[in-house]
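Visitor: Build me a structure from this.
(chains A and B)
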There are 2 protein chains.
Amino acid sequence: MVTQMPYGYNGRILRVNLSNSSIRVDEPDEVFYRTYFGGTALIAYFLLKETKPGIDPLSPDNLLIFAPGVVTGAPLAGSGRNGVGGKSPLTGGFGDAQGGGYFGAELKHAGFDAVIVEGQAEKPVYLLIVDGKAEIKDASGLWGKTTAETEEAIRQETGERVMRFATIGPAGENLVRYACVLNDVLHAPGRTGMGAVMGSKKLKAVAVRGHKGPEMANPEKVRELGRWMTENWKGLAFGMYDVGTAGTVRPLQVSGGLPTYNFRQGHFDGFEAITGETMRDTILVNRGTCFACPIHCKREVRVGPPWNVEPLYGGPEYETIAAFGSYCGVGDLGPIAKANQLCNAHGLDTISTGVAIGFAMECFENGLITEGDTDGLRLTFGNGEAMVQMVEKIVRREGLGDVLAEGVKRAAEKIGGKAADYAIHVKGQELPMHEPRLKQALGIGYAVSPTGADHCHNVHDTSFAAEGPGINRMRSLGFLEPLPAIELSARKSRLLHYVSSMTHASDCLVICFFPPWGYDKTPEVVSAVTGWNTSVFELFKLGERAATLARVYNLREGFTSADDILPKRIHSQLTSGPLAGVGVDEDRFHTAVRSYYEMMGWNSDGVPTKGKLDELNIGWAASGRG
Amino acid sequence: MVTQMPYGYNGRILRVNLSNSSIRVDEPDEVFYRTYFGGTALIAYFLLKETKPGIDPLSPDNLLIFAPGVVTGAPLAGSGRNGVGGKSPLTGGFGDAQGGGYFGAELKHAGFDAVIVEGQAEKPVYLLIVDGKAEIKDASGLWGKTTAETEEAIRQETGERVMRFATIGPAGENLVRYACVLNDVLHAPGRTGMGAVMGSKKLKAVAVRGHKGPEMANPEKVRELGRWMTENWKGLAFGMYDVGTAGTVRPLQVSGGLPTYNFRQGHFDGFEAITGETMRDTILVNRGTCFACPIHCKREVRVGPPWNVEPLYGGPEYETIAAFGSYCGVGDLGPIAKANQLCNAHGLDTISTGVAIGFAMECFENGLITEGDTDGLRLTFGNGEAMVQMVEKIVRREGLGDVLAEGVKRAAEKIGGKAADYAIHVKGQELPMHEPRLKQALGIGYAVSPTGADHCHNVHDTSFAAEGPGINRMRSLGFLEPLPAIELSARKSRLLHYVSSMTHASDCLVICFFPPWGYDKTPEVVSAVTGWNTSVFELFKLGERAATLARVYNLREGFTSADDILPKRIHSQLTSGPLAGVGVDEDRFHTAVRSYYEMMGWNSDGVPTKGKLDELNIGWAASGRG
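Guide: Here you go, the predicted model:
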């Protein structure tokens, strides 16, 4: 390409080797940035190019990649996020989680487009990045501290009050397989266990301060887009401000798709106490937000004794409420908020943690584990106190907590017997709080996602089941008509293909899905920031490229199409509630998975064809390596 | 879809059965229009849905479809065109040719989005369409007349001076396999022999007058786009005004890719006399244009004795100049313009006619045919007089003309011996005037085109070989860097895939490639006219859909991947000129064809996968029928 001044990105990727304490800077060219953009595709690129097949995710051979994207840090809603990726200790495959806040933007403002950490430190360290300079600092005194304690200690040590952090808590140190990184204590790139990877490298935190972001290609257009969002977000996304992601509890309950009792039910009698509306009217004390975003979808809550929850750690998202609420049968925001706080303080993914505890509850109720295993806890559905204590045991890998810290797949193998039937996961990653029997295309998405069951780069069928903003947005891609949520068919595979390609693209850009830029304004955002005359077509292809690279990585690591499956339970019928009698038909499911493969340009074994790789300009990935 | 008032289209397709003289109107819904749009995809839809496999293209079973598109007739440059389609008597496969002028726009203004003719009249007829009403009229007195005579007679008969026509000449009546339809005497939807299909139906002309076009969804935006074109076309397309398509002669000569002597050479010593600049400075008397278009790329020429060419029939396009010029070794615009006039008056495709005569010249020079076969004509390269006389013989199917009227593939079979080596065609259709040894992706395009060798929905590698408007437009699709024209590779297959998908889409819309709307403004045009919130992605998929439906049709009719080949001569090296030593490598060529298949979602036999059909929302085509 004709070289231009980099707009939107810095042209610099920070490389840190903790084994020999070396730091260097890579300077990829514009074609690299416009091919991979950031986030998912960038992570997949480096995992394929620079790691050997079959490495232990918790060994020094793994990479830990902090990856914003080309629009991150631009003064536009949704641009504060970053991805965290590496080989997943939970799935053994492609690991990638994304979170909001300010860390991604700050990293860009500090002069870097990504940070790639390899090796392993001898003693705990943290990485300090200030205005283009990076330093590996001793963190011996921080090991064992919560995320908030760690941040405060680093602020004190550096004297820098305004600083942004990606930090692990004790769960990451203890290599809990679904430990996560926390951005500034309360924004969680939650899935796939990147906190354990960070812990294995003895990297306690990345602390960042930057004063100068990349130039904007078209500052006036950026301002115009910013004004548009300021003027329009309320009409398009007021619900996200009002009740946050927790607004989802009620409609899912009504439609029978609220995961309850370890996916044995799709409705929860105690749901009224845990809705977004109830949270708003009871424990909510403030609405937080992310860099440059007017929407304020984040919750900050306070709960008095006995739970003692402080707003410092924010408040529970929908996933967290369902995982610790209906999933564990707990109809009380107190223990839910407490579990959320513990997870954020100690660095645990709330989804996997809730599912692991729900799994244990079912094991307990069926006698597969007893009070002898739980140190006397009565781990029954609905026991919020026991649930909260189990969170702490998982963090400390104490007793049954040590078993559950391995994730439900491994825990079930250890417990044996019927426990495998209760382990609700895909590729080892626990299912998020979306019911594939209600959202049947999402079920295909769980099966084929490179990160195992994942709701982030997935389709939520209910948003496309009737006239509304969902299907209207899709029409611009030529997807013309609403489809019933409860249907498994080729057109559902197409819905997944289209929506997930666009969300994978968002995860490369790396932008948030909530600010209502839509498919029309997103290319405008990219163009105003980078100067690239892009299109929704280029972004769709970017999404396909990211998903395909991640697929190639998983194939290289030994996954096959036999792993693109759902838990057996999901194929059985729900027996009560609005979805009584509804299951995911197994034959239709397998046909729909194959259909998705073909739409992606993958062969019947789910292997991308050479032609498709070449079409995506990643022919180098045909060897699985590059 | 939510039903809206149709904008841009009428919602009415005229159905005419000439066997029983019945007329009816179909009223497809909005989803139909937004799935197929018009032109190529609409033609393929009806051929698959309504014709039986294996029919004789010249039988009453064939359909003849006049198809504009959803933006045709809007007051915007490029919107005057229409497609003419049916099963091709030349290839036995998918037939589709597009031409400019005013006919398509007039048809839309007369209240119809397409005209589908089936059956066969007992005696010659013409179809009269005025403001939503259609009538089958006797044309016995018109049979044998030239296109201009026919139009004049109908104007006299109806008393309507302002009328637009699609007419055949005697070549169509005589079922010359590459006879074409002429729009208003001088705009030719030239390829695939649709004039013969029209002749077989004894349909001499379609005469149209309409006073009211479809409403525009956003009239103000349409006006704004019109103003943009008025203000910008000169800076972007002045060459098309100045020298027309004939401007291509000189650069192709310079690069060694000007088809000469039946593709035995890529440069022509007499080229200077036949350039667009020479035409402009000598015989040009006026610049014509199409509906709503400021560019005026059309030529009108006058030549005195002995050629006696009148501007009534326009002037030769690049393809015509090369086919009757360098291809036949004729370095004189006089006989070229004369041959052009004869073709337009009698309804012959100039490309196939020129190639057929060049083929015959090589046969003659090699003794495969003699003066005994040519009624004494010395049919040598460079003999313009003999060439012009051969055109007339082909029209009348007289002597050797009857053999050549079958196209070079059948003619070579009849002549026998080495003639097959001289027959330069793909799937029976003669190669256009673009050299695959210079434009190597275009060579792949010749091989895989549903209509046989075709330059219209193809890529012209030289436009993407250096920084410029071509590659800049492609960047918006994520195709980032120029590629050498003389290269056969996966990335060349990708270039073909991307460019041809967009041109196939243009052939559904049905808009012209010359007005510089680009990939950014074309969706704006569609949106302003139809009210659909479309995108370049939707248009790209439309192009894939059209090409894939046409592919399914050809497979149904018996074509296989073994037919996706180039003439042997193209694989041999040129022996002189700038491209001396350059051929199309056979192994690389076959690999590139397979690569294109995979990019299109076709299997290694070139058969679209079920998943791809479903992704394009044409799963019904899996049966090859619907």
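Visitor: What are the phi and psi values at residue A:60?
Guide: Main-chain torsions, residue A:60, degrees, to the nearest 10: phi -60, psi -20.
Visitor: dump the residue contacts of the closest residue to it other than its chain neighbours.
Guide: In this structure, residue A:60 finds its nearest non-sequential neighbour in residue A:120, 3.9 Å apart by C-beta to C-beta, 6 or more residues apart in numbering or on different chains. C-beta here means a position set from N, CA and C on the backbone, and glycine is covered the same way. Applying C-beta atoms under 8 Å, 6 or more residues apart in numbering or on different chains, we find residue A:120 in contact with A:18-19, A:59-60, A:200-202.
Visitor: Let me know the closest of those to residue B:561.
Guide: Of all the contacts of residue A:120, residue A:59 has the smallest distance to residue B:561: 47.4 Å, by C-beta to C-beta.
Visitor: so that closest one sits right up against residue A:200, yeah?
Guide: Yes - using C-beta atoms under 8 Å, residue A:59 is in contact with residue A:200, at 7.1 Å.
Visitor: ok, back up a step: would you verify that the residue nearest to residue A:60 is located in a helix?
Guide: No - with DSSP: H, G, I helix; E, B strand; the rest coil as the criterion, residue A:120 is located in coil rather than a helix.
Visitor: mind checking the end-to-end distance for stretch A:119-136?
Guide: 13 Å (C-alpha to C-alpha, to the nearest Å).
Visitor: Let me know how buried the closest residue to chain B within the stretch 151-300 of chain A is, in neighbour terms.
Guide: At 13.9 Å from chain B, residue A:217 is the closest residue in the stretch 151-300 of chain A, using C-beta to the nearest C-beta. Number of residues near residue A:217 (other C-beta atoms under 10 Å in any protein chain shown) recorded here: 20.
Visitor: Name the nearest residue to it, sequence neighbours excluded.
Guide: residue A:531 (3.0 Å).
Visitor: Can you tell me, leaving aside adjacent residues, what's nearest to residue A:450?
Guide: residue A:550 (3.4 Å).
Visitor: how about the one you found, secondary structure?
Guide: Residue A:550 is classified as helix under three-state DSSP.
Visitor: Then residue A:166?
Guide: Going by three-state DSSP: residue A:166 is strand.
Visitor: where's the closest residue to it other than its chain neighbours, which helix or strand?
Guide: Closest residue to residue A:166 apart from its sequence neighbours, by C-beta to C-beta, 6+ apart: residue A:206 at 4.5 Å. Using DSSP states H and E, residue A:206 falls within strand A:203-209.
Visitor: Show the subsequent helix or strand relative to that strand.
Guide: helix A:219-242.
Visitor: Within the helices and strands, which one has the spatially closest residue to residue A:392 that is not a sequence neighbour?
Guide: Leaving aside its sequence neighbours, residue A:392 sits nearest to residue A:342 (C-beta to C-beta, 6+ apart; 6.4 Å). Using DSSP H and E, residue A:342 maps to helix A:333-346.
Visitor: just checking, what packs against the next helix or strand along the chain from that helix?
Guide: Per DSSP H and E, helix A:333-346 leads on to helix A:350-365 as the next helix or strand towards the C-terminus. Applying 3 or more C-beta pairs under 8 Å, 6 or more residues apart in numbering or on different chains; DSSP states H and E, we find helix A:350-365 packed against helix A:318-324, helix A:333-346, helix A:384-396, helix A:400-404, helix A:408-415, helix A:419-422, strand A:429-430.
Visitor: Can I get those in a markdown table including mean neighbour count and distance to residue B:414?
Guide: Shown next, in a markdown table, are the helices and strands packed on helix A:350-365 (neighbours: other C-beta atoms under 10 Å in any protein chain shown; distance: least, C-beta to C-beta, whole Å):
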| stretch | mean neighbour count | distance to residue B:414 |
| --- | --- | --- |
| helix A:318-324 | 29 | 74 |
| helix A:333-346 | 27 | 82 |
| helix A:384-396 | 22 | 84 |
| helix A:400-404 | 23 | 82 |
| helix A:408-415 | 21 | 72 |
| helix A:419-422 | 18 | 73 |
| strand A:429-430 | 29 | 68 |
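Visitor: what's the spacing between the residue nearest the centre of chain A and residue A:507?
Guide: Central residue of chain A (C-alpha atoms, centre = their mean): residue A:97, 3.8 Å from the mean position. Residue A:97 is 10 Å from residue A:507, where distance means C-beta to C-beta, to the nearest Å.
Visitor: before we move on, the earlier item: I'd like to check the angle between the helix holding residue A:342 and helix A:350-365, please.
Guide: Per axes from the mean of the first three to the mean of the last three C-alpha atoms, to 10 degrees, the angle that helix A:333-346 makes with helix A:350-365 is 120 degrees.
Visitor: Which elements pack onto helix A:333-346?
Guide: Looks like helix A:333-346 contacts helix A:147-158, helix A:318-324, helix A:350-365, helix A:384-396 (3+ C-beta pairs under 8 Å, 6+ apart).
Visitor: thinking again about what came up before, per-residue pLDDT, the residue nearest to residue A:392?
Guide: At residue A:342, the model reports a pLDDT of 98.
Visitor: So for residue A:59 and residue A:200, which sits in the more crowded spot?
Guide: residue A:200 (23 against 14).
Visitor: Just give the nearest non-adjacent residue to the more buried one, would you?
Guide: residue A:58 (4.0 Å).
Visitor: ok, the nearest residue to residue A:68 once chain neighbours are set aside - contacts?
Guide: Nearest-residue entry for residue A:68: residue A:104, 3.7 Å, with adjacent residues in sequence omitted and distances by C-beta to C-beta, 6+ apart. Neighbour list for residue A:104: A:68-69, A:72-73, A:79-82, A:183, A:291, A:510 [criterion: C-beta under 8 Å, 6+ apart].
Visitor: can you redo those residues as CSV with secondary structure, neighbour count and pLDDT?
Guide: Output for these, formatted as CSV (DSSP: H, G, I helix; E, B strand; the rest coil; neighbours: other C-beta atoms under 10 Å in any protein chain shown; pLDDT from 0 to 100):
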residue, secondary structure, neighbour count, pLDDT
A:68, coil, 30, 98
A:69, strand, 35, 98
A:72, coil, 34, 98
A:73, coil, 30, 98
A:79, coil, 29, 97
A:80, coil, 30, 97
A:81, coil, 33, 98
A:82, strand, 34, 98
A:183, strand, 29, 98
A:291, coil, 25, 97
A:510, coil, 29, 97
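Visitor: which two in the residues you listed are spaced the farthest apart?
Guide: A:69 and A:183 (14.9 Å).
Visitor: mind checking the end-to-end distance for stretch A:77-93?
Guide: Start-to-end, stretch A:77-93 (C-alpha to C-alpha) is 31 Å.
Visitor: count of residues packed around residue A:241?
Guide: Residue A:241: 18 neighbours (other C-beta under 10 Å).
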